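In: sequence? don't have it. structure:
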């Protein structure tokens, strides 16, 4: 019985030793490697906010694609997965109505990469919080008031894109992302003599995004 157990242990050790030496031979950076990534993005903010007055029924919207920028730091894991923390910024204006929207998303990103030589396909998910600031102008008794308010809102979504290696450490990628945002509605705070304006939506909306980035890996 003792001889049989000894043989089993020997066989198990013989199978595990090659794996141990292979693990030692693989550089640590192939398992975990840091990266930084930065770029520009274009977000579509239409139908996100509107200025509504119960008295006049007037409505206005910020529309179109607005440029912003972002930066991310993180770790690449096992060569095909990555975890990163991202901060971004985008600002949109409607000068005719005095509306201004400023968003600062803070996200935790996960991506899975499928390599095809120097080209890679990635898919992933994002979740986090966003500082969502709104500024607007209101006329009360011929006096213009510039008002501002900020909400912190939750957001989550998915991303996909293509990457291209540029040598050993550098790369570029293009991608698309759609984030679901739990919007909160703004109110003017009830200025004396003012109409009861409400800005925004009290519902979840989709925030589409197109982006281009450059990255550096170690």
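Out: Nice, I can see it. What you see is a predicted model, and the numbers here were worked out from it, not measured in a lab. Numbering: from 1, shown residues only.
In: Show me where this structure has its strands.
Out: 32-44, 51-53, 65-77, 81-94, 99-116, 119-140, 143-166, 170-182, 186-187, 197-199, 204-217 (DSSP state E).
In: So which bits of the first one are buried?
Out: Applying a neighbour-count criterion of 16 or more other Cβ atoms under 10 Å, the buried positions in strand 32-44 are 33, 35, 37, 39, 41, 43, 44. Where C-beta positions appear, they are placed from N, C-alpha and C, glycine not excepted.
In: and of the residues you listed, the nearest to residue 150?
Out: Ranked by distance to residue 150 (Cβ to Cβ), the buried residues of strand 32-44 are led by residue 43 at 17.9 Å.
In: Ignoring the adjacent residues along the chain, who's closest to that closest one?
Out: residue 209 (4.8 Å; Cβ to Cβ, 6 or more residues apart in numbering).
In: same question, residue 203
Out: residue 183 (6.3 Å).
In: Quickly note the distance from residue 102 to residue 43.
Out: Residue 102 sits 12 Å away from residue 43, going by Cβ to Cβ, to the nearest Å.
In: what residues are shared contacts of these two?
Out: Residues touching both residue 102 and residue 43 (Cβ atoms under 8 Å, 6 or more residues apart in numbering): residue 90.
In: ok so, going back, and the residue nearest to residue 203, how far is that from residue 111?
Out: Distance of residue 183 to residue 111, given as Cβ to Cβ: 26 Å.
In: go on, residue 66?
Out: 24 Å.
In: Quickly list what residue 84 is bridged to.
Out: In this entry, residue 84 is beta-bridged to residue 74, residue 109, by DSSP bridges.
In: Can you check the pLDDT for it?
Out: What the model reports for residue 84 is a pLDDT of 97.
In: residues touching it, list them.
Out: The contact partners of residue 84, by Cβ under 8 Å, 6+ apart, come to 35, 37, 72, 73, 74, 75, 108, 109, 111.
In: Surely residue 171 and residue 162 touch.
Out: No - here residue 171 lies out of contact with residue 162, judged by Cβ atoms under 8 Å, at a distance of 10.7 Å.
In: More neighbours: these two, which one.
Out: Taking neighbours as other Cβ atoms under 10 Å, residue 171 and residue 162 compare with residue 171 leading, 19 against 13.
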